[in-house]
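[1] Here is my input, please return the structure:
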Amino acid sequence: MSAIILYITFVLLFTIGLFALIFKRNLIKIVIALNILDSGMNLFFITLGYRHNATSPIFTLLPWDTHITMVLPTPQALILTNIVIGFATTALMLGVAILTYRNNKTLDTRKLRGVEEL
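    Sure, this is the predicted structure:
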């Protein structure tokens with residue numbers, strides 16, 4: 001039951017982030033949309049690695065012949081890496097947004113100088 005709720009939450013976060021990314025024109029709102037999208041993807045990968053009644057695979061003192069279910073450590077490692085990459089890209093995008101505001105006095109992508117409509 002809890003895995004279903006996590007998948008529904010992932011779909012909601014991903015959808016909100018994707019729609020905000022497509023329809024918003026403010027650079028700060030685009031950065032927030034990418035963070036929401038990133039959080040949804042992190043939740044998805046953590047949900048993939050979830051196993052009911054499993055233990056963490058970190059230095060257990062169980063004998064080798066004991067059969068116990070362990071949680072997959074790979075999604076957890078990928079998510080830790082993704083959190084660091086997400087933080088760095090967010091800082092870079094906010095830095096670009098600040099420089100854009102200093103040069104153009106606007107954060108609206110439609111009003112930027114040198115940007116042409118398709």
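[2] now the helices for this protein?
    Under the criterion DSSP state H, the chain carries helices at the ranges 2-23, 27-48, 73-104.
[3] which of these sits most buried?
    The highest mean neighbour count among the helices of the chain, using mean count of other Cβ atoms under 10 Å, belongs to helix 27-48: a mean of 18. For the C-beta atoms, the positions are set from N, CA and C on the backbone; glycine is no exception.
[4] Name the residues that touch that helix?
    For helix 27-48, the external contacting residues (Cβ atoms under 8 Å, 6 or more residues apart in numbering) are 3, 6-7, 9-14, 16-18, 20-21, 24, 72, 75-76, 78-79, 82-83, 86, 89-90, 93-94, 96-97, 100-101, 107, 109.
[5] if we go to 6 Å?
    Helix 27-48 is contacted from outside by 6, 10, 13-14, 16-17, 20-21, 24, 75, 78-79, 82, 86, 93, 97, 107, using Cβ atoms under 6 Å, 6 or more residues apart in numbering.
[6] what's the answer for stretch 82-89, then?
    38, 42.
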